[in-house]
Structure formats: C-alpha cells, structure tokens
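Engineer: Build me a model:
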Amino acid sequence: MRKLLVVSTLLATALPLLAQTQTGGGAAGVETVNTARRAKPPTGPVPRLPNGHVDLNGVWVGGGPINDLEKDGGLKPGEIDSLMLPWAKELMSKRDVTLEPHNQCLPMGVPRVTPFPYRFLQNYTDKAPTHLFILHEGNIHTYRQIFMDGRKHPAPEDLDSTWLGHSIGRWEGDTLVIDTVGFNDKWWFDRRGHPHTEQLHTIERWTRKDMGHLENVVTIDDPGAYTKPFTVKFMATWTPGDELLEYICQENNQYGVQTLPGGLPAADTGGRR
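Structural biologist: The predicted structure follows:
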C-alpha cells in the first residue's frame with residue numbers, strides 16, 4: 001500500500017498546497033492518504049531493552065503538530081495566540097500556507113512532525129547509549145541527533161543556530177526527556193505560521209503508554225516571541241511492519257512548480273523583524 005505513497009519533489013511542493021483546497025485542512029489530505037489503511041495501533045505491555053529502558057525503536061507517525069500547534073497540542077482556541085508578543089502576532093498575520101518554508105523542502109523544526117513516518121533508533125545492547133537518533137522520512141530525510149552521554153549544551157556563544165537545534169537526552173524513569181536549544185528562527189511551528197526566535201528552548205517528554213502509543217508532552221519556552229512558556233501534548237502511534245521510504249525533496253527544487261497557478265511564492269523564513 002505504501003508504495004503508492006512514494007513522494008516526488010512535485011508532491012513535496014504541490015501537494016501541501018492542493019491538500020488545502022481538497023480537505024480544508026492543510027496537510028490533513030496527505031495524512032488521510034498516508035494512514036487510511038493502517039491497522040489500529042497494537043496494545044499490550046510496553047517493550048523494554050536489555051538495560052531495562054523502554055524500547056522506543058520502530059516506525060511512528062504523529063507525536064507533534066502539523067496544521068495547528070494550538071489545536072493539535074490540545075489547547076483552547078486563542079490560548080497560545082494570547083501569549084504572542086506584538087511583533088510575533090504581526091508577522092503571523094502576514095503568513096499563509098503558500099509561504100511556508102516546509103513547502104520548499106526545508107526542515108520542520110521541533111516539535112513539529114510531518115504526516116509521514118519517522119523511526120527512533122536506540123542502542124539494543126545493555127551498554128549505556130551515547131547517542132539516540134530520530135530518522136524522518138518526510139522532507140529531505142531529516143535526522144535528529146540526541147546526545148545521551150551526559151554532556152551539557154555548549155555555551156550560548158558557541159552554539160550554531162540550526163533547524164533542529166542541539167539536543168541532549170536523559171531518562172526520568174520510563175520517560176525520555178529531550179532538551180533542545182540552539183535553533184534558528186527560519187521554520188514555522190505549524191502551517192498557520194506560529195513563529196519563534198533563536199531564544200527558543202524546548203523540552204520533550206516522550207512516554208510510551210503501551211505497545212502502540214507514545215505520548216509527547218512538550219514545554220515551549222521562547223521569551224523572544226511569547227510572554228511565558230506553554231505546554232502542548234501529542235500522541236504518536238506505532239506502525240509495525242512499516243519502513244521509511246525514499247523521499248526526494250531538496251531545497252529550492254523547482255520540479256513541478258510550473259504546474260502551480262502563479263508558481264510557488266518564496267518561502268517566508270524570516271524571524272523577528
């Protein structure tokens with residue numbers, strides 16, 4: 001079934017826009033196509049690795065915002081928007097889905113996900129892990145590197161501003177905590193265009209609730225764009241038997257752009273103005 005879902009660069013640019021008119025839900029059209037025939041997530045006891053930690057290995061979908069950080073994160077309408085600083089509100093008011101950087105094959109940032117799967121890669125041995133990786137199928141086969149060896153974040157002056165930031169992880173009981181700083185301000189939290197600055201600090205708390213469900217509770221702290229931190233919650237589901245497929249999407253690819261009425265606008269990757 002998933003062979004039908006191989007995504008070319010044309011889909012990476014055109015489909016997110018077309019889905020807006022087909023379903024009225026931005027990337028929801030893609031998500032429906034991608035998950036319509038999936039079996040329900042399995043239940044059962046949480047699996048564990050030889051070292052006793054929860055086993056997160058496998059292919060997952062969901063677990064972060066796609067269309068609307070506020071709604072997808074379980075908050076009331078206007079709850080996040082009321083925390084935005086004036087400049088951030090003004091910037092967001094000028095954004096629409098046609099300007100989204102993600103449409104032009106740029107990374108999605110944190111805690112955002114795509115409708116496509118991603119894979120957690122842990123250490124299967126009983127040795128203490130030094131790294132954990134999250135491999136994303138969608139948008140340029142992005143990967144996240146989480147340092148699990150006890151290191152701290154670099155000093156602010158030594159941080160390189162990147163799309164996915166500098167992540168350090170630790171276990172608190174059965175919850176994987178991922179602490180990330182060092183973001184750039186070029187990506188959007190969601191398709192609505194919620195902005196952020198390079199002051200962004202995220203703390204993700206991943207807890208496997210059973211065999212098929214993985215909860216992600218994220219605290220977002222960005223004093224450059226919001227008056228106080230806020231917390232959002234998402235649920236990922238395990239898709240046994242799935243594998244990550246090839247996804248060809250590179251920055252500034254122009255293949256298929258001529259099929260869009262008026263072409264594809266330049267992405268809005270601007271931060272604070």
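Engineer: Give me the local confidence score for T130.
Structural biologist: T130 is assigned 91 on the pLDDT scale.
Engineer: What segments of the stretch 1-150 of the chain are helices?
Structural biologist: Secondary structure of the stretch 1-150 of the chain by DSSP state H, counting those that start in this stretch: the helices cover 9-23, 28-35, 69-72, 86-93, 138-141.
Engineer: Out of those, which gets the lowest mean score?
Structural biologist: helix 9-23 (a mean of 35).
Engineer: Contacts only, for T227.
Structural biologist: L83, M84, L85 (CB atoms under 8 Å, 6 or more residues apart in numbering). Quick note: C-beta positions are derived from backbone N, CA and C, even for glycine.
Engineer: do the same with V46
Structural biologist: Counted by CB under 8 Å, 6+ apart, V46 has contacts V54, D55, D174, R208, K209, D210, M211.
Engineer: Only the buried subset of those, as a ChimeraX command please.
Structural biologist: Buried members of the contacts of V46, defined by 16 or more other CB atoms under 10 Å, are picked up in ChimeraX with:
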select :54,208,211
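Engineer: Check the contacts of V46 against F147 and report the nearest one.
Structural biologist: Closest approach between the contacts of V46 and F147, by CB to CB: V54, at 18.6 Å.
Engineer: Does that closest one touch F120 like I think?
Structural biologist: No: judged on CB atoms under 8 Å, V54 makes no contact with F120 at a distance of 10.3 Å.
Engineer: shaky segments in this protein?
Structural biologist: Along the chain, the model assigns pLDDT under 70 to residues 1-38, 252-265, 271-273.
Engineer: Which strand or helix spans T197?
Structural biologist: If you go by DSSP states H and E, T197 is not part of any helix or strand.
Engineer: That one - how many residues pack around it?
Structural biologist: 18 (other CB atoms under 10 Å).
Engineer: Without its sequence neighbours, what residue ends up closest to it?
Structural biologist: Leaving aside its chain neighbours, T197 sits nearest to G224 (3.2 Å; criterion: CB to CB, 6 or more residues apart in numbering).
Engineer: and what of K209?
Structural biologist: Closest to K209 by CB to CB, 6+ apart is E215, at 5.6 Å.
Engineer: tell me what the helix or strand harbouring that neighbour is packed against?
Structural biologist: Using DSSP H and E, E215 sits in strand 213-221. Counting contacts by 3 or more CB pairs under 8 Å, 6 or more residues apart in numbering; DSSP states H and E, strand 213-221 packs against strand 201-208, strand 230-238.
Engineer: hmm, try it at 10 Å
Structural biologist: Under the contact criterion of 3 or more CB pairs under 10 Å, 6 or more residues apart in numbering; DSSP states H and E, strand 213-221 touches strand 58-62, strand 175-181, strand 201-208, strand 230-238.
Engineer: L91: which of those is closest?
Structural biologist: Proximity to L91 (CB to CB) singles out strand 230-238 among those, at 18.1 Å.
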